[in-house]
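A.B. asks: Sequence first, predicted model second:
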Amino acid sequence: MSTQHSPIIIWFRRDFRLSDHPALSAAAQTGRPVVPVYILDPLAEALGAAPKWRLGLGLDAFSQSLEQIGSRLILRRGDALAQLRAVIAETGASEIYWSRAYDPESIARDTNIKTKLTEDGVRAKSFSGHLLFEPWTVATKTGQPFRVFTPMWRAVQGRDVPEPDAAVTRLTAPSQWPQSDILTDWNLAGSMDRGALIVRPYVQPGGSAAFDHLDGFLDRVARYSDDRDRLDIDGTSNLSEYLSLGEIGPRSAWHRVQRAAMLGVSGTGSFLRQLVWREFAYHLMYHTPHLLTGNWRPEWDAFPWNTDTDHPEVTAWKQARTGIPVVDAGLREMYVTGRMHNRARMIVASYLTKHLMTHWKIGMHWFEDCLIDWDPACNAMGWQWVAGSGPDAAPFFRIFNPLTQQEKFDPQGKYLDRWIAEDRSNPTPTALSYFDAVPRSWWLDAGQSYPPPVVELAAGRAHALSAYDSRKNQ
């Protein structure tokens, strides 16, 4: 078979969509057979319980989308290079396209694969798609990566964002499909245990659901600036899990919101700023990859954080039994829905890293296991921002007071009612669901009394400020 008519393999990773997909569009436009492939390689195998389970739902939904346009998703498990070579041998493919990843492990994998396939005589080509702007295209006036968000936001506000590619409506099938694994055999829900049944009603996977969420958000975007921090109001976009798996592209979200702005809808600027905040996280991860593994600011390496993952206070935090209601409510929301309100994430992270003086990496890894919208760049930057060790960080002495946060962002206690069951005569079903979602080994039930604080807020704040003063003096 000549290369002009040989199949093209599209290697999907975190880009499970048919529109706003440059790699897929380029392959479809050739008119040649296209073989969509997903590989559960060691990087994907290393995902935490909740994101791996959500990956399975995304793969199932995307597989159905491909079938609707006359194609199918080939599933393989193992080393990515070995599996790609096997599919090449089975199909006679001469080219492989994929959307770029930006974390250091994926970059190393992809660079090696591109080199090896080129040596094999197979053309490997990577495309944009996961971000609005490629990280190397955004720089300060001196050509350096941005280290602070606001200057980056100002720098990109006036830049053109390409219109998203139209949805691919038909793919030419190969004359013979290669072998494929069966998704259920992968048991991607295994580590979720009984939690999967509790979280499942809160998840609507797939591209169609992503656009439904975006359209619903546009109906209330005018109040985004006022409502986005309210714990008791559905004021956010709820797009994080879809952006994480690429079920919607960032350019699609950007242009839908921009069109609303041109029609006179207010509040759009605040949301576009949040999309660029996501870009900032990827910008930092790409240029300073140690963001994922250690203190972004090395002067924090000697800070006396607790690093004992089994410390009783850490256990109480993980179990959402700290005795601080708004902290526990945030964690319980995560166990029941797979997500956590962004304001709650900040409160929960501040309490762990400051009141409990626990290393941010413990919290980061816990979220990595529990969030269905886990994103490597956003998760790491968020934790380091709150802890004070990261870029554009909140000063260490800015310690969230959970009670003040609760009064400001949940003034009527609706969020607490939704997620705290103990000592209440008529707890809500959502609050009771927490006890069905968490591991049985925790031995928790709604009949138990709500615990006293593991650390009094005033004492925790004083301890944190004392440690900060010691660090500053050193």
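C.D. replies: Done, it's in. Numbers count the residues shown, from 1 in each chain.
A.B. asks: got the phi/psi numbers for Pro36?
C.D. replies: phi -70, psi 130 (degrees, to the nearest 10).
A.B. asks: Enumerate the beta-bridge partners assigned to it.
C.D. replies: Ile10 (DSSP bridges).
A.B. asks: I'd say it and Ile69 touch.
C.D. replies: No: the criterion here is Cβ atoms under 8 Å, and Pro36 misses it with Ile69 at 10.2 Å. No exception for glycine: its C-beta is placed from N, CA and C like everyone else's.
A.B. asks: Which one's more surrounded, these two?
C.D. replies: Pro36 (20 against 14; other Cβ atoms under 10 Å).
A.B. asks: coming back round to it: now do the shared contacts for Pro36 and Ile69.
C.D. replies: Residues within reach of Pro36 and of Ile69 at once, by Cβ atoms under 8 Å, 6 or more residues apart in numbering, are Leu171.
A.B. asks: For the stretch 101-250 of the chain, which segments count as helices?
C.D. replies: Counting by DSSP state H, counting those that start in this stretch, the stretch 101-250 of the chain has helices at residues 104-119, 149-157, 195-199, 207-218, 224-227, 240-245, 250-262.
A.B. asks: and Ser25, which of these is closest to it?
C.D. replies: With respect to Ser25, and counting by Cβ to Cβ, the nearest of the helices of the stretch 101-250 of the chain is helix 250-262 at 12.1 Å.
A.B. asks: what residue ranges in the stretch 351-474 of the chain are flagged as low confidence?
C.D. replies: The stretch 351-474 of the chain contains residues with pLDDT under 70 at 393-397, 471-474.
A.B. asks: Strands of that one, start to end?
C.D. replies: For the stretch 351-474 of the chain, applying DSSP state E, counting those that start in this stretch gives no strands.
A.B. asks: What segments of it are helices?
C.D. replies: In the stretch 351-474 of the chain, helices defined by DSSP H, counting those that start in this stretch lie at 360-370, 376-387, 402-409, 414-419, 429-437, 457-473, listed in chain order.
A.B. asks: Just tell me which of these ends up closest to Ala44.
C.D. replies: helix 376-387 (12.4 Å).
A.B. asks: now that closest one: how far from the chain's centre is it?
C.D. replies: 11 Å (Cα atoms, centre = their mean, to the nearest Å).
A.B. asks: Please find the angle between the direction vectors of that helix and helix 104-119.
C.D. replies: 160 degrees (axes from the mean of the first three to the mean of the last three Cα atoms, to 10 degrees).
A.B. asks: Please name every helix or strand in contact with helix 376-387.
C.D. replies: Packing contacts for helix 376-387, counted by 3 or more Cβ pairs under 8 Å, 6 or more residues apart in numbering; DSSP states H and E, involve helix 268-287, helix 342-350, helix 360-370.
A.B. asks: Could you identify which of the helices of the stretch 351-474 of the chain is most buried?
C.D. replies: Comparing those by mean neighbour count (mean count of other Cβ atoms under 10 Å), helix 376-387 ranks first with a mean of 24.
A.B. asks: ok so, going back, to Met334, which of the helices of the stretch 101-250 of the chain lies closest?
C.D. replies: Between Met334 and the helices of the stretch 101-250 of the chain, the tightest spacing by Cβ to Cβ is seen for helix 195-199, at 9.5 Å.
A.B. asks: What are the buried residues along the closest one?
C.D. replies: Buried residues in helix 195-199, defined by neighbour count with 16 or more other Cβ atoms under 10 Å: 195-196, 198-199.
A.B. asks: same check, this time on stretch 301-313
C.D. replies: Result for stretch 301-313 [16+ other Cβ under 10 Å]: buried residues 303, 305, 313.
A.B. asks: where's it relative to the chain centroid, distance-wise?
C.D. replies: 25 Å.
A.B. asks: can you check stretch 238-257 too?
C.D. replies: 11 Å.
A.B. asks: Quick check: mean pLDDT of that stretch?
C.D. replies: When pLDDT is averaged over stretch 238-257, the result is 96.
A.B. asks: Now that stretch: buried residues?
C.D. replies: Those would be 238-257, for stretch 238-257 by 16+ other Cβ under 10 Å.
A.B. asks: May I have that stretch exported as CSV, CA atoms only?
C.D. replies: Output of stretch 238-257 as CSV, limited to C-alpha atoms (Å, rounded to 0.1, in the frame of the first residue of the first chain):
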residue,chain,number,x,y,z
ASN,A,238,-18.6,22.8,35.9
LEU,A,239,-16.3,22.3,32.9
SER,A,240,-13.1,21.2,34.8
GLU,A,241,-13.6,17.4,34.2
TYR,A,242,-14.4,17.9,30.6
LEU,A,243,-11.3,20.1,30.0
SER,A,244,-9.2,17.6,31.9
LEU,A,245,-10.1,14.7,29.6
GLY,A,246,-10.4,16.9,26.6
GLU,A,247,-14.1,16.2,26.1
ILE,A,248,-14.3,19.9,25.2
GLY,A,249,-11.5,21.9,23.8
PRO,A,250,-10.5,25.2,25.4
ARG,A,251,-10.9,27.1,22.2
SER,A,252,-14.5,26.0,22.0
ALA,A,253,-15.1,27.3,25.5
TRP,A,254,-13.3,30.5,24.8
HIS,A,255,-15.2,31.4,21.6
ARG,A,256,-18.6,30.4,22.9
VAL,A,257,-18.0,32.8,25.8
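A.B. asks: so how many other residues sit close to Lys141?
C.D. replies: Residues near Lys141, counting by other Cβ under 10 Å, number 7.
A.B. asks: meant to ask about Phe127
C.D. replies: Neighbour number of Phe127 under other Cβ under 10 Å is 18.
A.B. asks: Check Arg147 too.
C.D. replies: Around Arg147 there are 16 residues (other Cβ under 10 Å).
A.B. asks: how far away is it from His290?
C.D. replies: Arg147 sits at a distance of 13 Å from His290 (criterion: Cβ to Cβ, to the nearest Å).
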